[in-house]
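Chemist: for reference, the sequence and a predicted model appear below.
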Amino acid sequence: MPPTQALFDSIRHESVVDLVVDQVEEMILQGILREGARLPSERDLAERFDVSRPKVREALKRLEGDGLIRVQHGEGTFVAELTGQAMSPALIALYARHGLAFYDYLEYRREQEGFAARLAATRATATDHDEIRRLLGVMEEAQANGDAEQSEQADVAFHGAVVNASHNAMLMHMMTSIYDLTRRGVFYNRRFLRTIDGTGERLLDQHRQIAEGVLAGNPDAAEAAARSHLDFVEQSFRLGHDRERRERAARKRQMAAGLRKP
């Protein structure tokens, strides 16, 4: 059976169109079908749902009318962009110019990721556990190889996996948008964190602690680890920004002293 076929359950009911629509909507809500995901062809869907093609066509038209999917003729049917950007380009630029807003971003992540980790510890499935272990392994491999790019990618994916394991649809969709900003380096660059950390080993250990709390089914430990990680990120950046400020002041004093020399 093709991997995508297992996503869809056969339908045997008189309200066929409603049930097809409901099943696709449910998969979008649960984050199984994400923005930009390509749906199987109309014929494949009919086979997998075990319904007629006209019924599938009617269901797809309804989903398209509701703005949940988009049909690109000659290319296929895709899940529509639903969450969009967390912020407009103008607001992103404004945040970038005013550093204090960065700490609001960290505060938001601390609350949401702490909550997500607590939920994940009680709701994560065996599949969720496998994904968290896999991504932690990727992070460990990247750390061992000194691969900063792979480390950054795995870091964001790891946090996303914990959020997915919360099985809270609102959290998953909102944090997907936030993590997109993180991937793009809008708020900070993880490589800067490594200069504070020294080796990146402390960051890796913090992710291990989050994983251990979730995998052990310990909500208090999982939440505490997630919050502690974001506390470390905030403290590190405050120290880094203070260091940069002192260095700028030192250079200016040096320049000023040079101007005073005869």
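Modeler: That came through fine.
Chemist: looking only at pLDDT, what's the mean for the helix or strand hosting residue 239?
Modeler: According to DSSP states H and E, residue 239 maps onto helix 219-260. For helix 219-260, the mean pLDDT works out to 83.
Chemist: any idea which helix or strand carries the nearest residue to residue 150 once chain neighbours are set aside?
Modeler: Leaving out its chain neighbours, the residue that sits closest to residue 150 by Cβ to Cβ, 6 or more residues apart in numbering is residue 142, at 4.0 Å. (Glycine included, C-beta is placed from N, CA and C.) With secondary structure defined by DSSP H and E, residue 142 is part of helix 126-145.
Chemist: please enumerate the helices of the stretch 1-150 of the chain.
Modeler: Taking DSSP state H, counting those that start in this stretch as the criterion, the stretch 1-150 of the chain carries its helices at 16-29, 42-49, 53-65, 89-97, 100-123, 126-145, 148-164.
Chemist: so what touches the helix holding residue 142?
Modeler: For helix 126-145, contacts defined as Cβ atoms under 8 Å, 6 or more residues apart in numbering pick out 120, 124, 147-148, 150-151, 154-155, 157-158, 161-162, 164-165, 200-201, 204, 207-208, 211, 214-215.
Chemist: only whichever of these are buried, select them in ChimeraX.
Modeler: Under the burial definition 16 or more other Cβ atoms under 10 Å, those of these that qualify are selected in ChimeraX by:
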select :120,124,151,154,155,157,158,161,162,164,165,200,204,207,211,214,215
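Chemist: coming back round to it: could you report the pLDDT at the residue nearest to residue 150?
Modeler: 91.
Chemist: over to residue 83?
Modeler: 63.
Chemist: and the helix holding residue 142 with helix 148-164, angle?
Modeler: 160 degrees (axes from the mean of the first three to the mean of the last three Cα atoms, to 10 degrees).
Chemist: show me what the helix holding residue 239 is packed up against.
Modeler: helix 100-123, helix 190-197, helix 201-215 (3 or more Cβ pairs under 8 Å, 6 or more residues apart in numbering; DSSP states H and E).
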